[in-house]
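**Q** Sequence below, structure please.
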Amino acid sequence: MSVNKQTLTKSFVDSLPFTAAGEQVFYKDDKLTGFALRVTKSSKSYIAEKKLPTGETCRVNIGKHGIWTVQQ
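**A** Next up, the predicted model:
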């Protein structure tokens, strides 16, 4: 799993390749804290994430790219 910081735009997300099987890559938005994109072998999904006091990260799926856009 790798994490990158980037301004998430529709053109940027469209340009991203899918990952190899079993891998996922996260792109955290550099302007909106907690907003990110998860890319896997078959999908690109927008997520909200928060670091819990226990040190764990809680992630909630917002929706898939194409159905949802960055602006929504």
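
**Q** For stretch 52-59, what does the pLDDT average out to?
**A** In this model, stretch 52-59 has a mean pLDDT of 95.

**Q** End to end on it, go ahead and measure it.
**A** Distance between the two ends of stretch 52-59: 10 Å, counting by Cα to Cα, to the nearest Å.

**Q** How about stretch 51-63?
**A** Termini of stretch 51-63 sit 20 Å apart (Cα to Cα).

**Q** which parts of that stretch are buried?
**A** For stretch 51-63, the neighbour count (16 or more other Cβ atoms under 10 Å) marks no residue as buried. Where you see a C-beta, it was placed from the backbone N, CA and C, and this is true even at glycine.

**Q** which residues are in contact with it?
**A** Contact with stretch 51-63 is made by 36, 38, 45-50, 68, as judged by Cβ atoms under 8 Å, 6 or more residues apart in numbering.

**Q** Try it again at 10 Å.
**A** For stretch 51-63, the external contacting residues (Cβ atoms under 10 Å, 6 or more residues apart in numbering) are 26, 34-38, 45-50, 68-69, 72.

**Q** so residue 2 touches residue 28, yeah?
**A** No - contact criterion Cβ atoms under 10 Å: residue 2 and residue 28 do not qualify, at 11.1 Å.

**Q** Tell me how far the helix or strand that contains residue 11 lies from the chain's centre.
**A** According to DSSP states H and E, residue 11 maps onto helix 10-15. Chain-centre distance of helix 10-15: 12 Å, with Cα atoms, centre = their mean, to the nearest Å.
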